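# Could you work out the structure for the sequence below:
(chains A, B and C)
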Amino acid sequence: MKKRCLALLLAFAMVFAFTACTGNDPGTDPGAEPGTNPPAQPGEMTEGGEISVGLYNDLDASLDPHMSSSSAATREILFNIYEGLVKPDSDGNLVPAIAESYSVNDGADQYTFKLRQGVQFHNGKEVTADDVVWSLSRAAGLETGEPLVSDVANIAAVTKTDDATIVIDLKKPDTEFLAHITTAILPEGHDPMSEVVGTGPYKFVSRVIQDNIVLEKFDGYWGEKAHLDKVTLKIIENPQTLVSSLRSGALDMAIRLDNSQIATLSNMNILEGSSNIVQALYLNNAVKPFDDVRVRQALCYAIDKHEVIELASEGHGSPVGSSMFPAFGKYFMPELIDYYTKDLDKARELLAEAGYPDGFEFTITVPSSMQSHVDVAQVIEQLLQPIGVTAKIDQVEWATWYSDAYQGRKFEGTVIGMDAHGVAASDMLARFQSSSAKNFINFNSPEYDAAYAAAVSTTDDAEQTRLFKECETILTEQAANVYIQDGASFVAMAKDLDGFEFYPLYVLDLSKIYKVQ
Amino acid sequence: MGDMLTVKDLRVTFLDNNKEALHGISFTMQEGERLGLVGESGSGKTVTAMAITGLIERSRVTVTGDVVFEGMDLHRCSRSQLRSIQGPGMGVVFQEPMNSLNPLIKVGYQVEETLRIHTKKTPEERRKLAIDALDRVGLPNPDEIYSKYPHQLSGGQRQRAMIAAAMVIHPKLLICDEPTTALDVSVQAKILKLLKELSDEYKVGILLISHDLLVVKQLCENVAVMYKGNIVEQGKTLDIFNAPKDEYTRQLMAAIPKRRRHE
Amino acid sequence: MTYVLKKTGVLIVSLILISLLAFLAFQIIPGDPTTKLLGTDWTPERAEALREQLGLNGNIFARYFQWLKGLLSGDPGISYSYFMPVKEVMQGKIQVTAALSLLSWFLVMLFSIPLGILLARFQGSHLERAGIVLNQVFMAVPPFFLGMLFTYLFGLLLKWFTPGAYVPFSDSFWGATGYMAFPALAVAIPKAAKTAKLLRSSILNEMNKAYVRTAYSRGNSRWAVLRDHVLRNAMLPVITYLAMSLADTVAGSIIVEQVFALPGLGRLLLSSIGNRDFPVAQCIVVIIAFVVVFMNYLADIVTQYVDPRVRLN
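Predicted coordinates for the structure are as follows:
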């Protein structure tokens, strides 16, 4: 009993330490050393060992880091195998990786990178400037005209000026370009479909489709080497099976667990982080009645996000007020969280003004496999009843949701989470331009389009931040969606493991994890 | 020759409907005697036969009275004692030759089964005895019949095989429950003739159960007439045929068509 | 002989119909494979190009025949989501599902036949009544629930196996068998209960037949009558059922593979449906359907062989 209390306390300390260091209080110490996450329990760090980590889904067929269609779940594993010129750290800062340093011209349309010497690929070859030029050209589609990675579509030319220097010219100025240059560097002429070769702390060993992926420590890594010798990623789709595998010891670790799953994991250390998503009731702004801003606002007044978080996830999760989550630091606007406070009279009034004094009926489409979104949809259904709005929940298969609701834009409301590819504000905000192909909610605001266009074209950081915040504010004022939270996400780790670090991105950094004695 | 079978005040009550089917019947049979038990259906003659052979499930009936066969009280002995006389003591030939043989087992196996159960004979000896028995009951090509399935035989052949199966171990008593009812008239006579020959040859007693007085007359020297669970009249077959005393026996007699009466 | 020919004809026709249904079913369900393949970079133009590349645009029947032709020549096509031949995607998975199905089928027979006989033998006793109630309960428990129960009971509580730590047969034969015994049991128990019930009533039905009385009249004990006479006859309807239940254990494996994290066809089927990876899903459906139809066919042939009345006429 005593032991359990201690573990709980320590887990608590860990959680607290984590929330203090990612984003919630971004101003404090942006250049924090990677050791900020304190150990969960006192213990001697040891090198070596093997662990098994549970994954919900198989990785994509292609482990080509330039495949634009790669899923977030694949990218977070590839993070350990491939590296770009720069890479994000656990505080959301970009740190030099294959590049040692960089400089940018005043017009923000030319970036110069100095390459680190002695960086090795997993096949033992050293990374040359030619490899970098080839990789970035491939990703940007300079020869084919079809960029593989949309993040680097802005590249106009990559040139090697000497053996250790690369110059990248952009089509149009972009002060956030550094965030996009995490694109993986491959050996020149290499086909990543046939063999997986990167420069990261882990190298790819083998894979059995829909069963496991084996990674091994890369001894020739240029930076701080991985601590574990071998990591086996095991695919277990069934959430209960994942939990029992953690309890049985078949798995040493799993990430992205929810409240109900961690309840029985007394044999594990539990860490709480955030999902780095914006979960909201996304509304199709083009269909009746949501084409009327008053109706959307009425919903915002009726749905108390704090209540939703309390009911759907027992209070775990950070509320958000616009399409930006706390880990984004300076872009995140805490003041928007409670822009709408629960006010049923106001909601009814707005509905009446919009011509719906008796409310209306609509359908919330949710992917059935995503329990946390289904749960939130059910709470919302309850919260809307007092203002006469009847929400019908339609649970659909993920593929159906994706093709019909997301791509076909055939939905009224949907509960889903939106994540960011990188650490640039545009990753979250670009989609709400009226012309964006990803604008699945059909948000249409000339004011927004103008602010966004101004933000991406300015090179002044302070001005850019101000304009992005203006975009966020417009989304909130226009009640584009009913914003809820950045959901809580739990990590379970065997008691003899430590070193896990949360990232503000969809990243699982295996290299920091070590065994304790 | 002493009494082979003594039935005394036999009463059988079925437990499921609590009906008494036999109201205390008594008769005796000597070794080698052929007795006919005659009566209309429901008179209790089959129940009597089943009670004698021990083929009524003991848990389904209450039986009072005695059935003593060769000195053994069949309703008070153990199950294994009872089984030891089933076959070597008394064999049974049933009414329906179609269903009374196992359809999935070869005729030979079924004929020699009593030998397998009750004797220590080798497979070769058993096979020889079975083929002899098949031959003795008048089946052509007994070697072939031995390895045929019941459905490959005609009705008369099947009944001969049934008799061979009962006779192969030379029992003391053969209980024949309507052995010819399901057969053509021409076949009937042949089977009855066969039974008579076997009975004389091997000194086997036959308890023939039939609704047909004429069938009984052809085979049995003695007869007992049953009516509603009682024996109403018994004696020499010819005596009863010529001078039936009981009213029911007279009715039975009257039911026989005139032209068949002197068969 | 004509019987076998006739049955073979029926087998071929049903297989063709099944392949057609499997093909059409996946054309009808909503969701476009290109959405998953292109992910966040989906545009109508790219989707169209990809559809062209994957041959999704042709006439539906022309595509069906092309697929069928490939299937018959042993090439079921290329997986949409893994960009590799379906055969390679399924590599190793068929063995897992086959091993699980066969093991659970073996367990079905191991449990159901003695149990069915015992229930019939002790008909009317308290033992039988208790057995029937218990049997009824087991019949109604779905395999996935048993799977979760076993995981908890035998895995987490008693630690007889480690849930989630399946080792492939190639690494350790007994290790794999030991792990698989539990999912196999989860699949087998409800099926075994159903089979035992069927066998029991089949035996009781046979017990009333005339030949049974004959067998008793020869001095056979109750056991001997059951063993030498009744069982053969009673097994006739059960054989067909057992053959069908092999097909059922394949279906049961699909769910149980999830619960026990076994890398088999079932999990691949579910994920390929989710991903709209039609070539893989169709191929698995055809395999399962083939097992069902083929086992049915085999059951007919075997029943025919066991029953001389059918065989010799």
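# what's near enough to touch residue 57?
Answering for chain A, as no chain was given. By Cβ atoms under 8 Å, 6 or more residues apart in numbering or on different chains, residue A:57 lies in contact with A:71, A:73, A:235, A:237, C:271. Placement of C-beta: from N, CA and C, glycine included.
# ah, I was thinking of chain C
The contact partners of residue C:57, by Cβ under 8 Å, 6+ apart, come to residue C:51.
# follow-up on the earlier one: inside strands: which ones of the contacts of residue A:57?
Among the contacts of residue A:57, DSSP state E puts residue A:235 in strands.
# Select from the contacts of residue A:57 the one having the most neighbours.
In terms of neighbour count, residue A:235 stands highest of the contacts of residue A:57 at 21 neighbours, by other Cβ atoms under 10 Å in any protein chain shown.
# Give me the helices and strands touching the helix or strand harbouring residue A:308, please.
Taking DSSP states H and E as the definition, one finds residue A:308 inside helix A:305-313. If you count contacts as 3 or more Cβ pairs under 8 Å, 6 or more residues apart in numbering or on different chains; DSSP states H and E, helix A:305-313 packs onto strand A:317-319, helix A:371-384, strand A:481-494.
# thinking again about what came up before, keep the contacts of residue A:57, but drop any that are not near chain B.
When contact is defined as Cβ under 8 Å from any Cβ of the partner chain, these do not meet chain B at all.
# Which of the contacts of residue A:57 sits closest to chain B?
Within the contacts of residue A:57, the smallest distance to chain B is 47.7 Å, found for residue C:271 (Cβ to the nearest Cβ).
# Contact partners for the closest one?
Residue C:271 is in contact with A:57-58, A:210, A:237, C:277, counting by Cβ under 8 Å, 6+ apart.
# Roughly how far does it sit from residue C:5?
Note on residue C:271: its distance to residue C:5, by Cβ to Cβ, to the nearest Å, is 40 Å.
# and residue A:5, what pLDDT?
At residue A:5, the pLDDT value in this model is 35.
# can you check residue A:187 too?
Looking at residue A:187, its pLDDT is 91.
# Reduced to three states, what does it come out as?
coil (DSSP: H, G, I helix; E, B strand; the rest coil).
# now swap in residue C:226 and tell me
The local conformation at residue C:226, judged by three-state DSSP, is helix.
# Can you report how many residues lie near it?
Residue C:226 has 20 neighbouring residues, counting by other Cβ under 10 Å.
# And for residue A:517?
If you count neighbours by other Cβ under 10 Å, residue A:517 ends up with 7.
# Could you report the separation of residue A:132 from chain C?
According to Cβ to the nearest Cβ, to the nearest Å, residue A:132 stands 24 Å off from chain C.
# and that residue, what is it in contact with?
Shown in contact with residue A:132 (Cβ under 8 Å, 6+ apart): A:85, A:98, A:113, A:115, A:158, A:160, A:166, A:185.
# got it, and residue A:313?
Residue A:313 makes contacts with A:258-259, A:372, A:375, A:487-488, as judged by Cβ under 8 Å, 6+ apart.
# Show me which pair in the residues you listed is furthest apart.
Maximum pairwise distance among the contacts of residue A:313 (Cβ to Cβ): 12.2 Å, between A:375 and A:488.
# Against chain C, how distant is residue B:190?
22 Å.
# didn't that residue look like it was pressed against residue B:156?
Yes: between residue B:190 and residue B:156 there is a contact under Cβ atoms under 8 Å: 7.2 Å.
# Which of the contacts of residue A:132 are buried, as a ChimeraX select command?
Of the contacts of residue A:132, the buried ones go into a single ChimeraX selection, burial set by 16 or more other Cβ atoms under 10 Å in any protein chain shown:
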select /A:85,98,113,115,158,160,166,185
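# on that earlier part again, which of the contacts of residue A:57 sit farthest apart?
A:71 and A:237 (14.2 Å).
# What is the longest helix of chain B by residue count?
Ranked by residue count under DSSP state H, the longest helix found in chain B is helix B:185-202.
# so where do the strands sit in the stretch 1-150 of chain A?
With DSSP state E, counting those that start in this stretch, the ranges of strands along the stretch 1-150 of chain A come out as A:45-46, A:50-55, A:86-88, A:94-96, A:99-104, A:110-115.
# and the gap between the residue of the stretch 51-200 of chain A at minimum distance from chain B and residue B:105?
Nearest to chain B in the stretch 51-200 of chain A, going by Cβ to the nearest Cβ, is residue A:58, at a distance of 52.1 Å. Distance, residue A:58 to residue B:105, by Cβ to Cβ: 56 Å.
# Next: residue C:73.
To residue B:105, residue C:73 is 48 Å away according to Cβ to Cβ.
# Which residue of the two possesses the greater neighbour count?
residue B:105 (19 against 8).
# residues contacting the more buried one?
By Cβ under 8 Å, 6+ apart, the neighbours of residue B:105 are B:149, C:228-229, C:232.
# Is the very next helix or strand once past the longest helix of chain B positioned near chain C?
Sequence order places strand B:205-210 as the next helix or strand after helix B:185-202, per DSSP H and E. No: on the criterion Cβ under 8 Å from any Cβ, strand B:205-210 is out of touch with chain C, staying 13.1 Å away.
# what are the pairing partners of strand B:205-210, and which direction each?
If you go by DSSP bridges, strand B:205-210 pairs up with strand B:34-38 (parallel), strand B:173-177 (parallel).
# Could you save these as TSV and add columns showing mean neighbour count?
Output for the strands paired with strand B:205-210, formatted as TSV (neighbours: other Cβ atoms under 10 Å in any protein chain shown):
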stretch	mean neighbour count
strand B:34-38	26
strand B:173-177	25
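# So for residue 144, what pLDDT did the model give?
If you meant another chain, say so; for now it's chain A. According to the prediction, residue A:144 has pLDDT 78.
# Can you look at chain B instead?
Each residue has a pLDDT score; the one for residue B:144 is 90.
# how close does it sit to chain A?
Distance, residue B:144 to chain A, using Cβ to the nearest Cβ: 61 Å.
# Look up which helix or strand the residue of the stretch 251-400 of chain A found nearest chain C falls in, please.
For the stretch 251-400 of chain A and chain C, the shortest gap (Cβ to the nearest Cβ) falls at residue A:399, measuring 3.8 Å. Using DSSP H and E, residue A:399 falls within helix A:398-400.
# Thanks a lot, see you next time.
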